[in-house]
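> starting from these lines, generate the structure:
(2 chains, ligands or ions: 2)
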Amino acid sequence: MYNSPSPLEVQVLTRRFRLPNSHSIETYLQNDGYKAVEKALGMSQEDIINEVKASGLRGRGGAGFPTGMKWGFVPRTSPKPKYIMVNGDESEPGTCKDRLLMQYDPHQLIEGIIIAGQAVGAEQGYIYIRGEFRYLIEHMDRAIAEAYQRGFLGANIFGSGKTFHLATHSGAGAYECGEESALLESFEGKRGNPRIRPPFPAVAGAYQCPTILNNVETYCAVPSIILNGAAHFAGLGSPKNGGTRLFCLSGHVNKPGVYELPMGFNLMRMINEVGGGVRGGKKLKAVIPGGSSCPVLKADECDLAMDFDSVAAAKSMLGSGGVVVMDEDTCMVKAALRIMRFYAHESCGWCIPCREGTTWLRKLLQRFHDGMGTKSDIVLIGDLSKNMLGRTFCPLGDAAAMPTIAFVEKFRDEFEAHLDGKPCPYEKSSKLVAA
Amino acid sequence: MTFSPELEARFERFLAKYPADRKRSALIPMLIYGQDEVGSITDEFVEEIAKRVGVTPLEVREVSGFYSMLHHKPMGKYHVQVCTNISCLLTGGEELYERACHKLGLGHKQVSPDGRISLEEVECMGACSWAPAVQINYDFYHDVTPEQLDKLLDGLKAGKDPEQITEVPKVNC
Ligand SMILES: Cc1cc2nc3c(=O)[nH]c(=O)nc-3n(C[C@H](O)[C@H](O)[C@H](O)COP(=O)(O)O)c2cc1C
Ligand code: FES
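Ligands and ions are numbered 1, 2, ... in the order given. Below is the predicted model of the structure:
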């Protein structure tokens, strides 16, 4: 098993994970499986969408957009075919939850997708899974085949006369393909460059047809909402932030792992009570609350409710649920540099502010970390980042700029400590490990 | 160009997944699964796939150049990928990567002379809570210690397949 559970968890999406053969269709059926979709097949499209709206479910992929509202944007009377697209690209650094949802309860995901299909009248869905997760693609293929065998997928699902088909789709390595419009391009067999919006995918998505595009975890929440009611799901979380969320604790904690906690759970408690505190009895320095794109929080900012609105009020983002914990010995210049190396590598090159901005920032930060930075570079790093904000074609540019601004503003002293050829104060004397 | 019957069957399934006039959607899945058999994205392979999905070879190259898992030169039989992104960095991923460089005498995307082993420093592979993480081909290794890395690499160098290195099992969890 991936990690031991915490007694503080509230297991909704993960409640079957620890059953024997949790991934099998039999286990799923014995534990409420496919009851929600049968219920949904008896509901009107409007009712399904309203239920999801009332649940307060917000997208788990990063931006936290209200899911029911997104579904409501699909022009259901359009004569074009409609598609359900599942974002299983899981590539935001710090995030490792969707793979568990697919591994341990693939049928929960399939059921959520079928319900989404019913909500907008789609007859086809695709699960885009990052290429590195080959074992999961095969695992999902087996689960999909099981569902076809039972008549839960295909023509005449559950004897309702309705059709719904589902298939997996492999990516081939590109962070940008997690961005919704780049994902659609990639799905169509092209480079993963983003599309101009509007139109949004709800109106012109896959093959320019109306498309619902959500994160894996978002779909996984849907069966429980339909089965137990919107009010139940909403009540688990905090105002306007329904339900639970899979938080991925990583970095310098004693018990890193994926934990399902109510929305609004306190970050300090997450680190200390769920994660067992900072490793080695060290002091907490900083936390990235929702994957590498989210501005870093200083230790004294971590007494914080982990829901979309509270973290936004603290000028960061809840993002994708990746909580990266850094202890007092972590070099913030190095952390900023490593994150920027990632964005510079992953920028798709389509728009200039992002392509040039990330590369320039990477070089500046590298120079800085090597002890060759100047005081004006600190200003330059901040200025460059601020000039990228809102000026790139897709949010990857913002995702690179926002954390950088926070690193520089909140840890300026650490940047200054690297000035004038001083070696990184945190670097161990000998970096090289003998073979 | 001919492929194994298994790959042919897979290609057929891929092409059937998408609407009849949208065969191009199968392009990337065909490239990545095909690469496993062909070894890399060769000119001949590009031409064949282009024909099958109904685009020009140039269009295929335009796409294949974008994706980091598609290689235009063969990688080793065992492609060792070490993540050094943030969660792995904090837990020793960089040291693991350096250790692998020394042990194998290889750098980023280099292949051993006998073609058995190649090395790559990779970005986050979605194993952050079990960092530092390593992948060999498509198999994950979690919470990798320097000692475990040594066992894996020594085993590979001694001619073993990863499955035979039983002290360090893969964890596709
Ligand atoms: C650069 C970039 C990378 C992204 N990567 C992912 C990803 O790996 N998985 C994901 O679900 N969403 C990712 N997103 C967010 C998607 O664009 C999209 O908002 C999300 O999949 C919508 O689903 P949701 O409303 O259920 O969150 C990414 C966004 C950006 C800008
Ligand atoms: S940072 Fe290494 S797996 Fe995510």
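> where does chain B have low pLDDT?
In the predicted model, chain B carries no residue with pLDDT under 70.
> give me that answer again for 80
Confidence mapping of chain B against pLDDT under 80 gives the ranges B:173.
> residue nearest the centroid of it?
B:N137 (4.6 Å; Cα atoms, centre = their mean).
> residues contacting it?
B:Y78, B:H79, B:P162 (Cβ atoms under 8 Å, 6 or more residues apart in numbering or on different chains). Yep, even glycine has a C-beta here, placed from its N, CA and C like the rest.
> hmm, 10 Å instead?
Counting by Cβ atoms under 10 Å, 6 or more residues apart in numbering or on different chains, B:N137 makes contact with A:R134, B:D36, B:M75, B:G76, B:K77, B:Y78, B:H79, B:V80, B:Q81, B:P162, B:K170.
> okay, now B:L27: neighbour count?
25 (other Cβ atoms under 10 Å in any protein chain shown).
> SS state for it?
helix (DSSP: H, G, I helix; E, B strand; the rest coil).
> so the closest residue to it other than its chain neighbours versus A:N21, what's the distance?
Spatial nearest neighbour of B:L27, excluding adjacent residues (Cβ to Cβ, 6 or more residues apart in numbering or on different chains): A:G189 at 3.6 Å. Going from A:G189 to A:N21 by Cβ to Cβ, to the nearest Å gives 36 Å.
> neighbour-wise, which of these two wins?
Taking other Cβ under 10 Å, A:G189 and A:N21 do not tie; A:G189 has more neighbours (22 against 10).
> any idea whether the more buried one is helix, strand or coil?
coil.
> and the pLDDT at it?
On the pLDDT scale, A:G189 is placed at 98.
> whether the biggest strand by length in chain A contacts chain B - can you check?
Criterion DSSP state E: the longest strand present in chain A is strand A:244-251. Yes - for strand A:244-251, a contact with chain B is found by Cβ under 10 Å from any Cβ of the partner chain, at A:F247, A:C248, A:L249, A:S250, A:G251.
> may I have that strand as PDB, with CA atoms only?
Output of strand A:244-251 as PDB, limited to C-alpha atoms (Å, rounded to 0.1, in the frame of the first residue of the first chain):
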ATOM      1  CA  THR A 244     -12.700  16.300   0.600                       C
ATOM      2  CA  ARG A 245      -9.500  16.400  -1.400                       C
ATOM      3  CA  LEU A 246      -6.500  14.200  -1.800                       C
ATOM      4  CA  PHE A 247      -3.500  16.100  -0.500                       C
ATOM      5  CA  CYS A 248      -0.100  14.900  -1.500                       C
ATOM      6  CA  LEU A 249       2.400  15.600   1.300                       C
ATOM      7  CA  SER A 250       6.000  15.500   0.200                       C
ATOM      8  CA  GLY A 251       9.400  16.900   1.100                       C
END
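> ok, A:L29 to A:V203 distance?
36 Å.
> show me which of those two is the more surrounded one.
A:V203 (17 against 14).
> who's in contact with the closest residue to ligand 2 within chain A?
Residue of chain A nearest ligand 2, by Cβ to the nearest ligand atom: A:P93 (4.9 Å). Residues in contact with A:P93 (Cβ under 10 Å, 6+ apart) are A:175, A:250, A:288, A:291-293, A:320, A:322, A:324, A:338-339, A:342-343, A:346, B:83, B:85-89, B:123-126, B:128.
> what about ligand 1: which of those residues touch it?
A:Y175 (Cβ under 6 Å from any ligand atom).
> tell me the secondary structure for A:E38?
Relying on three-state DSSP, one would call A:E38 helix.
> check the residue nearest to it when sequence neighbours are not counted and give its pLDDT.
Leaving aside its sequence neighbours, A:E38 sits nearest to A:F158 (Cβ to Cβ, 6+ apart; 5.9 Å). Per-residue pLDDT puts A:F158 at 97.
> before we move on, what about the one 4 residues further on?
For A:K162, the pLDDT comes out at 97.
> return the residues of chain B in contact with ligand 2.
B:C83, B:N85, B:I86, B:S87, B:C88, B:C124, B:M125, B:G126, B:A127, B:C128, B:A131, B:A133.
> quick one: which of these is nearest A:P81?
Checking the residues of chain B next to ligand 2 against A:P81 with Cβ to Cβ, the nearest one is B:G126 at 31.0 Å.
> can you tell me if stretch A:241-253 touches ligand 2.
No - using Cβ under 6 Å from any ligand atom, stretch A:241-253 stays clear of ligand 2, coming no nearer than 7.1 Å.
> no, scratch that, I was asking about stretch A:285-299
No - contact of stretch A:285-299 with ligand 2 is not found when judged by Cβ under 6 Å from any ligand atom; the minimum separation is 8.3 Å.
> gap between B:N137 and A:A230?
44 Å.
> while we're on A:Y2, how confident is the model there?
On the pLDDT scale, A:Y2 gets 84.
> SS state for it?
Secondary structure assignment for A:Y2 (three-state DSSP): coil.
> so who does it touch?
Taking Cβ under 10 Å, 6+ apart, one finds A:17, A:96-97, A:99-100, A:103-104, A:257-258, B:127, B:129-130, B:142, B:171, B:173 in contact with A:Y2.
> where's the nearest residue to B:D161 once chain neighbours are set aside relative to chain A, distance?
Distance criterion Cβ to Cβ, 6+ apart; nearest residue to B:D161, sequence neighbours excluded, is B:Y78 at 7.9 Å. Distance of B:Y78 to chain A, given as Cβ to the nearest Cβ, to the nearest Å: 15 Å.
> got a list of what B:Y78 touches?
B:112, B:115-119, B:136-137, B:139, B:152-153, B:155-156, B:160-162.
> please enumerate the helices of chain B.
Using DSSP state H, the helices assigned to chain B run over residues B:5-17, B:27-38, B:43-53, B:57-64, B:86-90, B:93-104, B:146-157.
> er, the stretch 51-200 of chain A actually
Along the stretch 51-200 of chain A, the segments classed as helices by DSSP state H, counting those that start in this stretch run A:67-72, A:98-104, A:106-120, A:134-149, A:180-187.
> so the helix or strand A:I405 falls within versus helix A:180-187, what angle?
Assigned by DSSP states H and E, A:I405 falls within helix A:396-410. For helix A:396-410 against helix A:180-187, the angle by axes from the mean of the first three to the mean of the last three Cα atoms, to 10 degrees is 140 degrees.
> quick check: buried residues in helix A:396-410?
By neighbour count on 16 or more other Cβ atoms under 10 Å in any protein chain shown, the buried set for helix A:396-410 is A:396-408, A:410.
> ok, stretch B:61-71 next?
B:V63, B:S64, B:F66, B:Y67, B:S68, B:M69, B:L70, B:H71.
> was I right about the first one contacting B:A26?
The reference is to B:V63. No - judged on Cβ atoms under 10 Å, B:V63 makes no contact with B:A26 at a distance of 11.8 Å.
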